[in-house]
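Enquirer: model this:
(chains A and B)
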Amino acid sequence: MIDIKLFRTDPELVKKSETLRGNDPKIVDEIIELDKEVRDLKTKSEELKADLNKKSKSIATLPNGDEKLAILAETKELSKTSKEAAAKTTQLEETLNELLYKVQNITTEAPEGGEDDYIVVKEIGNNDLAKNNTDTIRDHLEIGEKIDAIDSERGVKVSGSRFYYLKGIGARLELALLNFAMDTALKNGFIPMITPTLVRPEIMKGTGFLGAHADEIYRLREPDEAYLVGTSEVALAGYHSDEIIELDSEKPLRYAGWSSCFRREAGSYGKDTRGIIRVHQFNKIEMFSYVAPEYAETEHKNLLALEEQILTELGLPYRVIDTAAGDLGSSAARKFDCEAWLPSQNRYLELTSTSNCTTFQARRLNIRYRPAQGDNDKTTTPVATLNGTLATTRFLVAILENFQTADGGITVPKPLQKYLDGLEVIEPTK
RNA sequence: GGUAAUGUGUCCGAGCGGUCGAAGGAGCACGCCUCGAAAGCGUGUGAUGGGUAACCUCAUCCGUGGGUUCAAAUCCCACCAUUACCGCCA
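Expert: This next block holds a predicted model:
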């Protein structure tokens, strides 16, 4: 959520951001007007309450008698009107809050436009594979089946479309990737976490996932009021909710979470139906940083650099894109994706994503810190949160395709070999 | 799932319905003392929101949400969490 004070001091900035995202900026004026109304009402309601408090207190010291009876009658009436005023204020405040929750994070740096208006920041590595061997190239599912790593058919039989089994070397490769990513994070000061996959509604709401894309999320039936996470970002952001954390202005608090992730993939019928590119359940390593707001941009670069490092060490050809404002999630102010080359489809596929959520999530989840250490200044202010995702299961797709051999096996990327007893080549079994 | 107890500030821990934003202690900050430190002594020490140029002031917050009352940390109800025991399952 955006600081209400920003609406009072710089409404044009908010309007500009909403316009950039392709939203109607008139909500800003509605909020400003309602905010005024709420404050007026609040002052009046609090005056009533103050009056009541004062008179109530006097009752205790008053002797029994006419005067006491009179003031009792008066306060009884006052109590009623005060309660009514308070209720009205609360109601209006809730309306204001609902509006406020609808406004997405301020974005100023992201490129203008929608889904296709991203800017390619750079392209790294050799992506000639498809161009050179168009007729012999196999897609990840074909290879996955040849080395007996992926079983799609039985996944569908047991769980429905977009489900799969990772089997044998497939399961081992996935675990190797998870370990490799986790180890890299660990070396960079991230605290490893295995997080809950079911979370309470308020946490889901706080992270900003229950807005426009709420139908993407699995929800348990009553009476278990819980959501299945689509990323461990949710659990990691919620970890410090309602807390005042200790934060050095130069040193981020970093966590790396591993969880299964669940997506309904509503509205993507017919898209990426083959293989394990777009599935209902997959694994991810999520890097998550809590930082002082002024350090957020630096940390965003750090996260991107780490994601690139992992792709580079694996030897995957990839490009980095700067996502356009209209395609950003509601919490993100800016987002960079790393996309690996997919030879079978002659296109790039998103493997990692890193978002700077500035103070947007922290404000919703009530995560603060004290910027001025020591002294008598104990004021708190929201922290900034950032996340960097490594979609492990999709890494598997990219590896199978980019490291395929002529006979339908694969060579194992160097950094993964140590997790697989030094295995260098995987031969096809079928 | 059942029964019982508990839930207070950074932490521990008091709190007959009014004088309680909350005793006392610890911690922390500052000062005195000291060559320096420890100990000791003194002072200060929650958050959020509204108003104010500021001093300051008002409101809200004692797990959460309701209720009773002129007045609730204190009474009532529901929920959540923790702990213990029982049952059941891994």
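Enquirer: what sits closest to A:Leu423 if chain neighbours are left out?
Expert: Spatial nearest neighbour of A:Leu423, chain neighbours left out: A:Val412 (5.4 Å); criterion: CB to CB, 6 or more residues apart in numbering. Bear in mind the C-beta positions are built from the backbone N, C-alpha and C, glycine included.
Enquirer: per-residue confidence at that neighbour?
Expert: The model reports A:Val412 with a pLDDT of 95.
Enquirer: swap in A:Glu202?
Expert: A:Glu202 carries a pLDDT value of 76.
Enquirer: how near is it to A:Asn366?
Expert: 10 Å (CB to CB, to the nearest Å).
Enquirer: need the overlap of contacts for the two.
Expert: With contacts defined as CB atoms under 8 Å, 6 or more residues apart in numbering, no residue is shared by A:Glu202 and A:Asn366.
Enquirer: count the neighbours of A:Glu115 for me.
Expert: 9 (other CB atoms under 10 Å).
Enquirer: so for stretch A:237-248, mean pLDDT?
Expert: Stretch A:237-248 carries an average pLDDT of 80.
Enquirer: same check, this time on stretch A:255-262
Expert: Computed over stretch A:255-262, the average pLDDT equals 92.
Enquirer: again, but for stretch A:302-309
Expert: Mean predicted lDDT for stretch A:302-309 stands at 96.
Enquirer: what do you get for stretch A:125-142?
Expert: For stretch A:125-142, mean pLDDT is 72.
Enquirer: okay, now A:Ala110: neighbour count?
Expert: Each residue near A:Ala110 was counted by other CB under 10 Å, and the total is 25.
Enquirer: please disregard the earlier target; I meant A:Asp24.
Expert: 9.
Enquirer: please report how far A:Ser232 lies from A:Val199.
Expert: 10 Å.
Enquirer: can you pick out the residue with more neighbours from these two?
Expert: A side-by-side neighbour count of A:Ser232 and A:Val199, using other CB under 10 Å, places A:Ser232 first with 30 against 22.
Enquirer: residues in contact with the more buried one?
Expert: A:Met193, A:Thr195, A:Thr197, A:Gly257, A:Trp258, A:Ser259, A:Cys261, A:Lys284, A:Glu286, A:Phe288.
Enquirer: okay, these in CSV with neighbour count, distance to RNA strand B and secondary structure next?
Expert: Below are the contacts of A:Ser232 laid out as CSV (neighbours: other CB atoms under 10 Å; distance: CB to the nearest atom of the strand, whole Å; DSSP: H, G, I helix; E, B strand; the rest coil):
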residue, neighbour count, distance to RNA strand B, secondary structure
A:Met193, 18, 18, strand
A:Thr195, 21, 16, coil
A:Thr197, 19, 16, coil
A:Gly257, 29, 20, strand
A:Trp258, 20, 21, strand
A:Ser259, 22, 20, strand
A:Cys261, 23, 23, strand
A:Lys284, 25, 26, strand
A:Glu286, 29, 24, strand
A:Phe288, 29, 23, strand
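Enquirer: which two from those end up farthest apart in space?
Expert: Maximum pairwise distance in these, criterion CB to CB, is 15.4 Å, between A:Thr197 and A:Phe288.
Enquirer: hmm, back to that, I figured the residue nearest to A:Leu423 hits A:Val425, correct?
Expert: Yes: using CB atoms under 8 Å, A:Val412 and A:Val425 qualify as a contacting pair, with a distance of 6.7 Å.
Enquirer: okay, these two: which has more neighbours?
Expert: It is A:Val412, of A:Val412 and A:Val425, that has more neighbours when counted by other CB under 10 Å, with 20 against 10.
Enquirer: quick revisit: distance to A:Gly22 added to the contacts of A:Ser232, as a markdown table?
Expert: Below are those laid out as a markdown table (distance: CB to CB, whole Å):
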| residue | distance to A:Gly22 |
| --- | --- |
| A:Met193 | 35 |
| A:Thr195 | 32 |
| A:Thr197 | 32 |
| A:Gly257 | 31 |
| A:Trp258 | 34 |
| A:Ser259 | 31 |
| A:Cys261 | 27 |
| A:Lys284 | 28 |
| A:Glu286 | 27 |
| A:Phe288 | 28 |
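Enquirer: tell me the one of those nearest A:Cys338?
Expert: Taking CB to CB as the measure, A:Cys338 sits nearest to A:Lys284 out of the contacts of A:Ser232, at 13.7 Å.
Enquirer: for the closest one, give me its contacts.
Expert: Listed by CB under 8 Å, 6+ apart, the contact partners of A:Lys284 are A:Thr231, A:Ser232, A:Trp258, A:Ser259, A:Cys261, A:Thr389, A:Leu390, A:Ala391, A:Thr392, A:Thr393.
Enquirer: which parts of the stretch 101-250 of chain A sit against RNA strand B?
Expert: For the stretch 101-250 of chain A, the contact set with RNA strand B under CB under 7 Å from any atom of the strand comprises A:Ile244.
Enquirer: could you list the low-pLDDT ranges of the stretch 101-250 of chain A?
Expert: For the stretch 101-250 of chain A, applying pLDDT under 70 flags the ranges A:126-135, A:211-213, A:222-224.
Enquirer: and the residue of it closest to RNA strand B?
Expert: The minimum distance from the stretch 101-250 of chain A to RNA strand B, using CB to the nearest atom of the strand, falls at A:Ile244 (6.8 Å).
Enquirer: give me the nearest residue to A:Gln345, chain neighbours excluded.
Expert: Here the residue nearest A:Gln345, using CB to CB, 6+ apart, is A:Asp139, at 7.4 Å.
Enquirer: the one you found against A:Ile276, yeah?
Expert: No: between A:Asp139 and A:Ile276 there is no contact under CB under 8 Å: 10.9 Å.
Enquirer: more neighbours: which of those two?
Expert: Using other CB under 10 Å as the criterion, A:Asp139 and A:Ile276 rank with A:Ile276 on top: 26 against 18.
Enquirer: contact partners for the nearest residue to that one once chain neighbours are set aside?
Expert: Leaving aside its sequence neighbours, A:Ile276 sits nearest to A:Tyr164 (CB to CB, 6+ apart; 5.2 Å). Shown in contact with A:Tyr164 (CB under 8 Å, 6+ apart): A:Ile150, A:Asp151, A:Ser152, A:Gly155, A:Ile276, A:Val279.
Enquirer: am I right that the residue of the stretch 101-250 of chain A closest to RNA strand B is in a strand?
Expert: Yes: assessed with DSSP: H, G, I helix; E, B strand; the rest coil, A:Ile244 lies in a strand.
Enquirer: number of nearby residues for it?
Expert: What A:Ile244 shows, counting by other CB under 10 Å, is a neighbour count of 14.
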